[in-house]
Structures are given as structure tokens and as C-alpha cells.
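Novice: Sequence and predicted structure are below.
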Amino acid sequence: MHGVVLSCLQPGEGPVTPADFVRVLSKPLGDWAPLDGDMVPQQLRQLIVLQEDVLTDEAIDYGSEYTEALFDSDGVLDTGQQWLPPWSHQTREQAERSAFTAISSGSQAQYAAGRRMLIEVPTGAETALLMEYSRRGSPRLDVYEPIGGDRTVSVGDRKFWWPCPGCHYPMQVHGSSLRCQYPPHSVHRYFLQARGKGQAPEAINGPVSVTRMDAEGIYCLRWGVWRFIGVPGLAEVLLIDWLNAKPGVTAESWPDKDAYDIGVHMPDGQVLRVDLKDVADARKIISDPPAAEHIVVTDHYKATAATLREHLPKDRYVVHTVSAFKRMITTRLRGSR
Ligand SMILES: [Zn+2]
């Protein structure tokens, strides 16, 4: 691996020996690899690959983006299957392919219902999931599986899990700590405090605690579906609901089965086409620009908005943060009254 990294760098750059290489993996990437250019996001410069000999969530996040190139168009990996870790097989593209094949086969209404279910229902018992499908008019999706052992704690013959307060997906257990793997939710970190013998531990962070749930018969979204469709969609449904609550405004969810994210119909008849982006790295958006004219970036990635503004054609795109976009809508509505 050391040789692979050196082959990507100029002579004289990077860690000299394999031992140096291991040491620098727990330092920010920008400290030891030349990451020049204004397109390189700050988060990538600050990325730490290993922490206490374990891959960090941020490294897995970036890794998932790039392992896609190793798979062919049928999602089959011809080489390297043995050495790649399991998470690498659930890349964005594969998660989308398996989940979207099912929801795309029905009508537009079924598509939007299915997509929203993936965002709003990350976990549930079998009967509760079946009720959600029929209540929402969503097609049945083969995307739920029992909660994995890395997200539960066993006490006797029972298993427990804790939902992230931000997205309700089961938090990952690392020894005696718990955290959500979605980087913007990394503030949700808890410690497992032992209680009496035979009792499940309590998840606390200072005065805050999270309710413990019984894992018996509970299913959660497959990791890749949650990470690439479910949790990034939270910002989309929040914005759609905010827009629909405005008098005279109708927000269409994922029109034409996701030609773009939101169609905003204003009271004066204008239609704004919106694509919402929740990513740290602007380069993928620049190399494959969206269909909609309005690109709205989540507030926690506002650096992405600045890079997009600089590199996308100004006569084709308007780039906003979510807050700035809401301000613009509010101002327009005031003007049309
Ligand atoms: Zn979360």
C-alpha cells in the first residue's frame, strides 16, 4: 500500500518508509500529501485515515466514493474482492441501483412515496414496515435487514440498540462509545455507562441520554441505502415540507422520477427547478453538473457552495445554501403580495 501511495506522488514527496506511512495515517491528509488547488475541499485536507488503528468514518465516506471505479456496470468486482473491506461493496452507485430499480417501476406518486419512506423510516419491526408501505402507497422495497452486531450490545440473550437523535438510524458501537456514522451527525457521540449486572448499559453524553431500544425483530436500512439515499435526503424532505407550508407554493418531490430534486411552483406561475446537494466534495458536481438551475447546498457544507459558485457557469446555475435559498423564497413571496 505504501508503494501504491508513493507511485501517485512526485519523487521526494510522501512518507519515506512503510513505518513512516503507518504513522502519518493518523495525521491530517493535508500534512503529509500535497493537496493543492482550490477545488480540494478543506475536509479532505483535514481527513485522518486511522484512529487507534481503526479506519475513521470520514475515511470510509471518502473511500466509498472512490471504490465505485473498481466495479463494472453490473456491480461485479473482477479483482480485489478478497482484500476490499465489506463496506466498499455498498457504494453509492450500488445502493442506488438496487433501491431505485424497485421504486422506479411504479408511478411518479409511488416513486415519491418510496423515496420518502427510505428517508423517514430508517428502522422498524416487520409489521410496522408493512403498515408504512400501505399507508404511504410505496412499493415494497428489498432494503431492510436485521440490525448488525456492530450496532447492538448483547445483555444475556437480549440485544439493544440506540437511535441517532439526528436521523434515528442505529448508532455504531465502538467499545464503550456510540456514534452516528454520518459526518454531520458526529456531534451525536455517547458513552455506554454500565448499570447493574444483567442490565443493559445507558447511553449518555453529559446530561443528555438516548433511549435504549430492544433489537428483537427490528430491521434497519442496509448501510449503503441509509448512507447514500436515506440520510442525505433528510435535508430534501425538510426543504420540501418548508416550501409546501408557504401559502400559494407547491413543491413537487423528485419530479419525473428524480430528473431533479424539487420543482417549486410559485404563486406567480414561475417554476424553480432545484437540486439539493449534501456533499463535502464539489468536484463530482462540477464534472457532472445537475439538470436544475438552482443548486442548493446544505448549510454544513457551505464551503461546497463557494467552490461551485466559482467553477460552474454563472449564466446557467444559481448556487445557494439552504438558508439563503429560504431567504430568497421569503423575499419573493413578500414581493408578490
Ligand atoms: Zn445520524
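Specialist: Yep, it's here.

Novice: can you list the residues of this protein near the ion?
Specialist: Contact residues (C-beta under 5 Å from the ion) of the chain with the ion: 164, 166-167, 180, 182, 185. Where you see a C-beta, it was placed from the backbone N, CA and C, and this is true even at glycine.

Novice: Just the ones of those residues in strands?
Specialist: Using DSSP state E, no member of the residues of the chain next to the ion falls in strands.

Novice: care to break the chain down by domain?
Specialist: Annotated domains of the chain cover 2-89, 103-230, 234-335 [automatic domain parsing].

Novice: Give me the neighbour count for the residue in the stretch 1-150 of the chain that the ion sits nearest to.
Specialist: Going by C-beta to the ion, the ion is nearest to residue 122 of the stretch 1-150 of the chain, at 8.8 Å. Residues within reach of residue 122, counting by other C-beta atoms under 10 Å, total 22.

Novice: quick one on the thing from earlier: who wins for most neighbours among the residues of the chain next to the ion?
Specialist: Neighbour-wise, the residues of the chain next to the ion (other C-beta under 10 Å) top out at residue 180, 25 neighbours.

Novice: Go ahead and confirm that one touches residue 163.
Specialist: No: look at residue 180 against residue 163 with C-beta atoms under 8 Å: they stay out of range, at 9.1 Å.

Novice: Now for the two: what residues contact both?
Specialist: Each of 169, 171 lies in contact with both residue 180 and residue 163 under the rule C-beta atoms under 8 Å, 6 or more residues apart in numbering.

Novice: returning to that earlier point: show me the contacts for the residue of the stretch 1-150 of the chain closest to the ion.
Specialist: 167-169, 220-221, 226, 230-231.

Novice: Try it again at 10 Å.
Specialist: 144, 163-164, 167-170, 219-221, 225-226, 230-231, 234 (C-beta atoms under 10 Å, 6 or more residues apart in numbering).

Novice: and the closest residue to the ion within the stretch 201-337 of the chain, how many residues sit next to it?
Specialist: Closest approach between the stretch 201-337 of the chain and the ion, counting by C-beta to the ion: residue 231, at 6.3 Å. Residue 231 is flanked by 25 other residues according to other C-beta under 10 Å.

Novice: swap in residue 224?
Specialist: 22.

Novice: May I have the phi/psi pair for it?
Specialist: phi -60, psi -40 (degrees, to the nearest 10).

Novice: That one touches residue 143, doesn't it?
Specialist: Yes: under the criterion of C-beta atoms under 10 Å, residue 224 makes contact with residue 143 at 9.3 Å.

Novice: how much space between residue 209 and residue 197?
Specialist: From residue 209 across to residue 197, the span is 20 Å (C-beta to C-beta, to the nearest Å).

Novice: neighbour count winner among these two?
Specialist: Remark: of residue 209 and residue 197, residue 209 carries more neighbours, 13 against 6, as counted by other C-beta under 10 Å.

Novice: any idea which helix or strand comes after the helix or strand that contains the more buried one?
Specialist: Element membership for residue 209 (DSSP states H and E) is strand 208-210. For strand 208-210, the following helix or strand on the C-terminal side (DSSP H and E) is strand 213-214.

Novice: Check which strands are paired with that next one and give the direction for each one.
Specialist: strand 158-161 (antiparallel) (DSSP bridges).

Novice: The strand ranked longest in the chain pairs with which strands, parallel or anti?
Specialist: For the chain, the strand with the greatest residue count under DSSP E is strand 271-277. Its sheet considered, strand 271-277 pairs with strand 262-265 (antiparallel), strand 294-297 (parallel) by DSSP bridges.
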